[in-house]
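Asker: Structure of the sequence below:
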Amino acid sequence: MEKHTIVLMQPKPDKTSRTFKDYDSVDKAIDGVCAEFERRLRELNPQLRSITYDIGDLYSWIDNMPDLSALVFEAQLQAYVPCGKEWIKKKAFTHLRRMADQAR
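Answerer: So this is what the prediction gives:
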């Protein structure tokens, strides 16, 4: 079941860096978080043709972000349920593992 998900992000200490993105599903939201991390890696390493990272690098980026959370719509409650960094890391691990399995 697809659950509308809003990702709230503050990538810098400055509160004016706060932003949000909404997605049609949790999977798409987690894919968006990973894509944001990959975009940041490309910014920091413009000379590299390909970027590789492991789950620890992603976790570190998430942990060091001043604010990162998600709001997931639960139809039974007719409300958004807040989910923090640990939930995002668990979902990212599952998401990346699934992608790796599909690539084999």
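Asker: What's the end-to-end length of stretch 75-90?
Answerer: 22 Å (Cα to Cα, to the nearest Å).
Asker: and it, what's its mean pLDDT?
Answerer: Confidence over stretch 75-90 (mean pLDDT, whole number) is 97.
Asker: Now that stretch: buried residues?
Answerer: Buried residues in stretch 75-90, counted by 16 or more other Cβ atoms under 10 Å: Cys83, Trp87, Ile88, Lys89. The way it works is simple: take the backbone N, C-alpha and C, and place the C-beta from them, glycine included.
Asker: give me the element the spatially most central residue of the chain is part of.
Answerer: Nearest to the geometric centre of the chain sits Val33, at 2.3 Å (Cα atoms, centre = their mean). Using DSSP states H and E, Val33 sits in helix 26-44.
Asker: what about the strands in the chain?
Answerer: Remark: strands assigned in the chain by DSSP state E are 5-10, 19-23, 67-74, 79-83.
Asker: Between strand 79-83 and the longest one, find me the angle.
Answerer: What it means is strand 67-74. What separates the directions of strand 67-74 and strand 79-83 is an angle of 150 degrees, with axes from the mean of the first three to the mean of the last three Cα atoms, to 10 degrees.
Asker: still on that earlier bit, could I get the buried residue list for the helix holding Val33?
Answerer: Buried residues in helix 26-44, counted by 16+ other Cβ under 10 Å: Val26, Asp27, Lys28, Ala29, Ile30, Asp31, Gly32, Val33, Cys34, Glu36, Phe37, Leu41.
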